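In: Coordinates for the following, if possible.
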Amino acid sequence: MANAGCTFLLGNFYDSQQASLEIFFLFHPWLYLFLIPAVGMRLWAEERRTGTGELLLTFPVRLTTTVFAKFFAAWLFIGISLLLTFPMILTVNYLGSPDNGPIITGYLGSFLMAGSYLAIASFTSALTKNQVISFILSVNICLVLVL
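Out: Modelled structure (predicted):
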């Protein structure tokens with residue numbers, strides 16, 4: 001919803017008179033700056049705060065498997081939310097005849113950028129017990145990447 005609001009209201013999508021999703025992808029780094037750390041702040045900080053991390057380590061699963069499972073579950077959640085913006089492709093193709101190669105590449109780049117932000121959020125979540133501190137650290141590190 002935030003991405004659609006930024007695209008249509010702030011980006012003047014219809015006023016640009018172009019069949020392109022450039023405005024749509026222009027706002028992704030700035031939206032992901034706050035949304036991805038919000039998803040990733042609980043990955044490990046909540047485990048440490050409640051003490052369920054020790055319980056998680058007693059299961060017959062290797063630690064690397066647990067780390068990858070948590071990361072890929074959160075990344076899949078973000079990927080599904082990105083797939084929910086698929087009607088934007090239909091809208092642009094209805095309004096004109098865009099080159100779909102850059103659109104698909106934009107989606108791939110957005111998905112990979114979400115993965116990198118999520119890795120940072122997972123790292124900061126593992127460093128702290130507090131979710132808010134993890135969020136603030138993640139936002140600051142990702143802000144350096146955006147700028």
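
In: Give me the nearest residue to the residue nearest the centre of the chain, chain neighbours excluded.
Out: Against the mean C-alpha coordinate of the chain, by C-alpha atoms, centre = their mean, the closest residue is Ala114 at 3.6 Å. Among residues not flanking Ala114 along the chain, Ile78 sits closest, at 4.7 Å (C-beta to C-beta, 6 or more residues apart in numbering). All C-beta spots, glycine's among them, are computed from the backbone N, C-alpha and C.

In: any idea how far Val139 is from that neighbour?
Out: 16 Å (C-beta to C-beta, to the nearest Å).

In: Equivalent analysis for Thr85, please.
Out: Thr85 is 22 Å from Val139, by C-beta to C-beta.

In: Then Leu57?
Out: For Leu57 relative to Val139 (C-beta to C-beta), the value is 29 Å.

In: Between the two, tell me which one has more neighbours.
Out: Val139 (20 against 11; other C-beta atoms under 10 Å).

In: Which strand or helix spans the more buried one?
Out: Per DSSP states H and E, Val139 falls inside helix 131-146.

In: from the middle of its chain, how far away would that helix be?
Out: Relative to its parent chain, helix 131-146 has a centroid offset of 13 Å by C-alpha atoms, centre = their mean, to the nearest Å.

In: any low-confidence regions in the chain?
Out: For the chain, applying pLDDT under 70 flags the ranges 1-19.

In: what are the ranges of the strands in it?
Out: Ranges of strands in the chain, per DSSP state E: none exist.

In: All the helices of it, in order from the start?
Out: Secondary structure of the chain (DSSP state H): helices located at 2-5, 22-26, 28-40, 45-50, 52-58, 63-83, 87-95, 100-127, 131-146.

In: Now that Val139 has come up, it's in contact with Tyr32, right?
Out: No: Val139 is beyond contact range of Tyr32, at 10.4 Å (criterion: C-beta atoms under 8 Å).

In: tell me the contacts of Asn130?
Out: By C-beta atoms under 8 Å, 6 or more residues apart in numbering, the residues touching Asn130 are Ala45, Arg49.
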